[in-house]
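Asks: the following comprises the amino acid sequence and a computationally predicted model.
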Amino acid sequence: MAHGTAPARKLSAVQPLEPEPGVLVHPASDRRLAVEHWLLSTEPRERHSQIRAEWNEYGVALLPLGTLFSAVRLPGALIQALAPSREPQDIDPFLEESLQGPVICDPRGSRYYALVPASVPRTWRQAVDDWRTHDVDCLGRDAYLGVPRVDAVEPRPNESYWSVPMPSAAMLCQPLQVARLIAAGAHRLAEIAEQADDMHARLRSAGVLLDPPPRPER
């Protein structure tokens, strides 16, 4: 994650894409192309070729936050505490059902980024401050996010991908749904920690010497 200053500017909406005569355009391909154009519009047009080159070479490109969208960074442990398992094939559908919006997975950092409206760091300021106690942060202006190419939708070792692809251009996670997920995950992690403490206390009372129980990751 790099940081810098992204100048504010008026961004025009992406216009519907018209296929050339005789060219068959599949709806999924059309949606992905519209999403790509929308993501590119976070930067001036002269930067678009460079961003595409980064997507082609590295699989990700740094895009500025706080103009079209912001990102809520969620620790993997919080998500795994709620999902059916720790495996992507279970986590990704769980996130899609829970958030109904785009989520990027960074497996190297064991983090997830829920893309939300650009205004969330400001309009949800009190909640954002509270989230930090759970190692959750909301990234907006002056922050950049490594965004995968739009067709990176399958998990690969150490490569960021769309855990939940963007359904169509400008469709983002609703902050209330993200807040509910954070609250549920924090509650579940607290339950796990309490259960571990209780088990350790019972074993000690039975005369079994153990190292202190590991605390759940946050």
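Replies: Yep, it's here.

Asks: paired strands for the helix or strand in which W162 is found, with orientation please.
Replies: Per DSSP states H and E, W162 falls inside strand 161-164. According to DSSP bridges, strand 161-164 has the following sheet partners: strand 103-106 (antiparallel).

Asks: mind listing residues that contact the strand it pairs with?
Replies: 71, 88, 91-92, 95-96, 111-115, 145-148, 155, 160-164, 173 (CB atoms under 8 Å, 6 or more residues apart in numbering). Every residue, glycine included, has its C-beta placed from N, CA and C.

Asks: rounded mean pLDDT for it, please.
Replies: Predicted confidence along strand 103-106 averages 99 (mean pLDDT).

Asks: among the contacts of strand 103-106, which ones are in strands?
Replies: Counted as lying in strands by DSSP state E, out of those, are 71, 111-115, 145-148, 161-164.

Asks: mind picking the two most distant members of those?
Replies: Longest distance between any two of the ones in strands among the contacts of strand 103-106 is 16.4 Å, between G146 and V164; criterion CB to CB.

Asks: neighbour count: these two, which is higher?
Replies: Neighbours were counted for G146 and for V164 using other CB atoms under 10 Å; V164 has more, 25 against 17.

Asks: hey, what's the residue nearest to the more buried one when sequence neighbours are not counted bridged with?
Replies: Closest residue to V164 apart from its sequence neighbours, by CB to CB, 6 or more residues apart in numbering: V103 at 4.1 Å. Beta-bridge partners for V103, by DSSP bridges, are A114, V164.

Asks: tally of neighbours for V103?
Replies: 25.

Asks: E96 now?
Replies: When neighbours are counted by other CB under 10 Å, E96 registers 16.

Asks: and it, how far is that from G140?
Replies: Shown here: E96 relative to G140, a distance of 24 Å by CB to CB, to the nearest Å.

Asks: same check on A184?
Replies: Separation of A184 from G140 (CB to CB): 24 Å.

Asks: ok, back up a step: any chance of the ones in strands among the contacts of strand 103-106 in JSON lines, plus distance to A77 and pLDDT?
Replies: Formatted as JSON lines, the ones in strands among the contacts of strand 103-106 follow (distance: CB to CB, whole Å; pLDDT from 0 to 100):
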{"residue": "A71", "distance to A77": "18", "pLDDT": "99"}
{"residue": "R111", "distance to A77": "10", "pLDDT": "98"}
{"residue": "Y112", "distance to A77": "11", "pLDDT": "99"}
{"residue": "Y113", "distance to A77": "15", "pLDDT": "99"}
{"residue": "A114", "distance to A77": "16", "pLDDT": "99"}
{"residue": "L115", "distance to A77": "21", "pLDDT": "99"}
{"residue": "L145", "distance to A77": "20", "pLDDT": "99"}
{"residue": "G146", "distance to A77": "21", "pLDDT": "98"}
{"residue": "V147", "distance to A77": "23", "pLDDT": "99"}
{"residue": "P148", "distance to A77": "22", "pLDDT": "99"}
{"residue": "Y161", "distance to A77": "19", "pLDDT": "99"}
{"residue": "W162", "distance to A77": "21", "pLDDT": "99"}
{"residue": "S163", "distance to A77": "15", "pLDDT": "98"}
{"residue": "V164", "distance to A77": "19", "pLDDT": "99"}
